[in-house]
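attaching a predicted model along with its sequence, questions to come.
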Amino acid sequence: MDLDHQNNVIAGSIFIFLSALTYAIYLIGSGELVRKIGSQRMTSLVLIVSCITVLIHYYVADGRTLLDFDMMVYILCLIMAIFCTVIPTFMVAEGIKLIGAGNAAIISTVGPLATIIMATQILGETFNLWHAAGTILILTGVFWVSKK
């Protein structure tokens, strides 16, 4: 892979790593908190913080108001928010409550593998040595943490 022809590959890689790290910390750390305050309250708090963070980021990055879009944009965003964020997030929290954070982390490794399969088989994307190395690194980390 020729990194000279890619824009911001290093910065993007760092952000992806930080995203994966914070999600792993959330998965592992949320188990105890879910038991203390309940999965629904925990999930609601997480979604509120995430929403506020996204709104702040949007304002800082773009500076425009969120009221400038066509109505169809809001409808599609509402549908995606409900079916792609709210419902799955509540389901993950309930799963953590039922089976524990460690087991949930192990099961969550299916997501990246399913994404790789769909990206290559459905979208025709390439899968190279860098992708394989990243996949192995992620799976090794998850199995290492869950083994303890």
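Okay, I see it.

give the next helix or strand downstream of the lowest-mean-pLDDT helix or strand in the chain.
Ranked by mean pLDDT, DSSP states H and E, the helix or strand of the chain with the weakest confidence is helix 101-107, at a mean of 75. Per DSSP states H and E, helix 101-107 leads on to helix 110-121 as the next helix or strand towards the C-terminus.

mind listing what's buried along the helix or strand in which Leu45 is found?
Assigned by DSSP H and E, Leu45 belongs to helix 39-62. By neighbour count, and taking 16 or more other CB atoms under 10 Å as the criterion, the buried residues in helix 39-62 are 39, 42-44, 46-47. Where you see a C-beta, it was placed from the backbone N, CA and C, and this is true even at glycine.

lowest-confidence entry in these?
Among the buried residues of helix 39-62, Ser39 carries the weakest pLDDT, at 77.

what about that residue, distance to Leu129?
40 Å (CB to CB, to the nearest Å).

and what of Arg35?
Distance of Arg35 to Leu129, computed by CB to CB: 42 Å.

tell me which of the two has more neighbours.
Neighbour comparison, Arg35 and Leu129: the larger count goes to Arg35, with 14 against 8 (by other CB atoms under 10 Å).

next up, identify which helix or strand the closest residue to that one other than its chain neighbours is on.
Once flanking residues are discounted, Arg35 sits nearest to Lys97: 7.2 Å by CB to CB, 6 or more residues apart in numbering. Using DSSP H and E, Lys97 sits within helix 87-99.
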